[in-house]
Structure formats: C-alpha cells, structure tokens
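A.B. asks: Predicted model, plus sequence, below.
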Amino acid sequence: MFIASNMSMDHSPAVLRAHCCIFLRRVYLRLVVGSFFLLAGCSNVRLEQASPPSLPRTVSLKVNGYCASETFQLGEIFPVNHSGVLTKTGWLIDTDRDFLPDKIERDMQIADLFGISYLNEDTSGDGYRDIVAYRLGKDINSQSSFRVCDDKYQDTDKDGLFDCEEVVLGTDYQLADTDLDGIPDGLEFRHGLNPLDPSDAISDSNRDGMSNLRALSLGRVIEETVPSWVNEAAVKVSLDTYGSCADVTIDDIPVLPVKNGNLFEVQFYERRYDGVPQVRYVKVLIEKEIEFMSEIIIADPVMNSTYNSSGIQIASE
C-alpha cells in the first residue's frame, strides 16, 4: 500500500533526474529478466560459440619401432607442442618455446614487469626460463633470489625442466616424475599442476569428465573449460602395441606460422620393475614450408634425439 507523505513533493531538477534513473533501471531489469526466461524457453537456442576460428594446416607423425628400455615398461605417451599452446580461443604461438605464448610475453606491461621476451626462453640468461619467473611472481627486481645456476639448461632426467628450475620448484632433478603420479614434472608445471601433488593426476581440473593424466596423454586442454571444437583441434594419438614396443601415430599436429619451425615432441613415460619412472623422447622440427597433410615417418628411432620433417636425425643427447 502506498502512503502519501505529508511533505510537499520536491520537483527540483536533481530529484527528477534521480527518479528518472530509478525508472530506467527498473525497465532495464525487466527487459533482462524477460529475455533470460525467453531464451530459457527456447530449446533450440545455443549459447556457445557456433563455429571455431580458422585453424592452421596440420600434418601427421608416425614413430614406428619404439621399444621401452630393458627392465622398463611403457606407461603413457604424451604429445608436447613446444611451438604452440592450445586454449579456448585456439592455438597460440610460442616462438621461443618457453611454455608462455607470445600473446602474454608481448604484453608490454608484463614484459617490463618480469623482464621477459617472446624471442628468448631465458631473457635474463640466468638459466631459468621466463615462465618460471612469471609463474612464481618474481618480477625483474626479485629474480636475484634465484640460486646461481652453474649447469644452465641441463635437464638430467629429461622431464622438460632444467635442473636449476627443479631446485627452485622443489622437484627432484634426477627423477622425471617426483610425485610418481604418471605425469612428468615438466608437463605438470607447464599446465599449472603441482609436480609435488600426486592427486592432481586423477583430478579433473576443467570438469570435462576426463582425468588430467588422460587428457594430457591425448593432448587436450586441462586448464580451462573449452568449447567442443577445441578438443577437436587437439592432436589425435593412437598406439599399436606389441610386447614392450609400440608404433605411435599422432594426427592433426598444427603447423603454426613461426619462423624457427614447429618443434614437436613425443614423450615416452616408462616405469622400471620397482616403480621408478623415466622419460625418453623423440623430437621433430617441422619446417613451416611443409605441405598440408604431410606424413612424417620416423622408423626405429634413436631415443632422446631430434629429427627433421624428412625423418632424418639432426641432433641427439
């Protein structure tokens, strides 16, 4: 019930403007609420992005004749793209292959704050990749707290983290999977997991119904909820196993427009009879001029080696 006031109504311009604003807000609210219920009643209305952005051309990789080391058994196989990061908006280029996409490192405020560059994985030259300072929140003035790195860029356990980085992160630089959860330490760090917490391997970070370990073995995004087309853009991994050996096929590897070529890695996670893990790898440098839908074949690979698109070994450890 409305009760009139004994006071005379104020018709000043300020009061009239206030009443006008209140009226308009009420109209806006009714329109928003009405639209919500209208959409809710339309079963055919889709609120997610209908189509993906244009995606890069792709190639396939076959690694035939891989066999686990003696006394080891094959665990998981992880595809690792060093030149790009798959996100809910598509593939983002990572020119310097430091796990931070160029989009972040080209942001001038971020670049100046952390002293990082999209053209150098270790801009400061201290033996720690730019992503370490960025993830740990160490700005350019506090990075001196990192211990002096005597063996720069040494990765003893082949898990994707430099030994000095592992000391700072608290992981074991002689053990590829410190928490023994089935995911190499470097892969966990890259995707925002904790390499000291074994429970996050069976967790489902983005609640898509798939464990983090399973999703990473398929090359999928785990950091965020993504439209269905994003996982369609992910690489496709298939295995043909025989004993302790396997032929591996990875389809839909994107060829991103990076001047230094696309570096792609296949990580082979192996476990010894006593449960101790090790990681071995095969890397492929895919030239940007490669033809669309090409198939790269590496037969009887020399482990911990890098090949070119013609399947020729060009480097090894």
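C.D. replies: Received, thanks.
A.B. asks: tell me the mean pLDDT for stretch 173-190?
C.D. replies: Stretch 173-190 shows a mean pLDDT of 98.
A.B. asks: Hmm, I typed the wrong one, I wanted stretch 310-317.
C.D. replies: 94.
A.B. asks: from here on, count from 26
C.D. replies: New numbering, starting at 26: the last item is stretch 335-342.
A.B. asks: for it, the distance to its chain's centre please.
C.D. replies: 26 Å (Cα atoms, centre = their mean, to the nearest Å).
A.B. asks: can you give me the helices in the stretch 26-175 of the chain?
C.D. replies: In the stretch 26-175 of the chain, the segments counted as helices under DSSP state H, counting those that start in this stretch are 38-65, 127-130, 133-139, 155-161.
A.B. asks: what's near enough to touch the residue nearest to Asp155 when sequence neighbours are not counted?
C.D. replies: In this structure, Asp155 finds its nearest non-sequential neighbour in Ile141, 3.9 Å apart by Cβ to Cβ, 6 or more residues apart in numbering. Where C-beta positions appear, they are placed from N, C-alpha and C, glycine not excepted. With contact set as Cβ atoms under 8 Å, 6 or more residues apart in numbering, Ile141 has these partners: 125, 130, 135, 148, 155, 158-159.
A.B. asks: ok, now Gly207?
C.D. replies: Taking Cβ under 8 Å, 6+ apart as the test, what Gly207 contacts is 100-101, 226, 238, 294.
A.B. asks: repeat that for 10 Å
C.D. replies: Residues near Gly207 by Cβ atoms under 10 Å, 6 or more residues apart in numbering: 100-101, 103, 223, 226-227, 236-239, 241-242, 294, 296, 302.
A.B. asks: can you check Asp180 too?
C.D. replies: 186-191, 198, 201, 211, 304, 342.
A.B. asks: now do 7 Å
C.D. replies: For Asp180, the contact set (Cβ atoms under 7 Å, 6 or more residues apart in numbering) comprises 186-188.
A.B. asks: How about Leu86?
C.D. replies: So Leu86 contacts 275, 278, 289, 309, 321 (Cβ under 7 Å, 6+ apart).
A.B. asks: Asp127 too?
C.D. replies: By Cβ under 7 Å, 6+ apart, the neighbours of Asp127 are 118-120, 143.
A.B. asks: what do you get if the cut-off is 10 Å, keeping everything else the same?
C.D. replies: Asp127 touches 109-110, 117-121, 142-144, 283, counting by Cβ under 10 Å, 6+ apart.
A.B. asks: List buried residues within those.
C.D. replies: Buried by 16 or more other Cβ atoms under 10 Å: 109-110, 118-121, 142-143, 283, out of those.
A.B. asks: now the residues you listed in TSV, with distance to Ser94?
C.D. replies: As requested, the buried ones among the contacts of Asp127 are exported to TSV (distance: Cβ to Cβ, whole Å):
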residue	distance to Ser94
Gly109	30
Val110	30
Ile118	34
Asp119	30
Thr120	34
Asp121	31
Ser142	38
Tyr143	37
Val283	33
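A.B. asks: Now rank the contacts of Asp180 by neighbours and give me the top one.
C.D. replies: Ranked by neighbour count (other Cβ atoms under 10 Å), the contacts of Asp180 have Leu186 at the top, with 28 neighbours.
A.B. asks: okay if I get the contacts of Leu86 as TSV plus neighbour count and distance to Ser167?
C.D. replies: Formatted as TSV, the contacts of Leu86 follow (neighbours: other Cβ atoms under 10 Å; distance: Cβ to Cβ, whole Å):
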residue	neighbour count	distance to Ser167
Ile275	21	40
Ile278	24	38
Phe289	24	34
Val309	25	37
Ile321	20	43
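A.B. asks: from those residues, which is closest to Leu264?
C.D. replies: The closest of the contacts of Leu86 to Leu264 turns out to be Ile275 (Cβ to Cβ; 10.1 Å).
A.B. asks: What residues are bridge-paired with the closest residue to that closest one other than its chain neighbours?
C.D. replies: Leaving aside its sequence neighbours, Ile275 sits nearest to Leu86 (Cβ to Cβ, 6+ apart; 4.7 Å). Beta bridges link Leu86 to Ile275, Ile321, judged by DSSP bridges.
A.B. asks: Same check on the one 5 residues further on?
C.D. replies: Applying DSSP bridges to Tyr91 yields these beta-bridge partners: Ala271.
A.B. asks: can you check Val291 too?
C.D. replies: Bridge pairing for Val291 - DSSP bridges - gives Pro104, Val307.
A.B. asks: So Tyr267 is in contact with Ala93, correct?
C.D. replies: No - look at Tyr267 against Ala93 with Cβ atoms under 10 Å: they stay out of range, at 11.7 Å.
A.B. asks: The two: which has the busier surroundings?
C.D. replies: Higher neighbour count among Tyr267 and Ala93: Ala93, with 21 against 8, using other Cβ under 10 Å.
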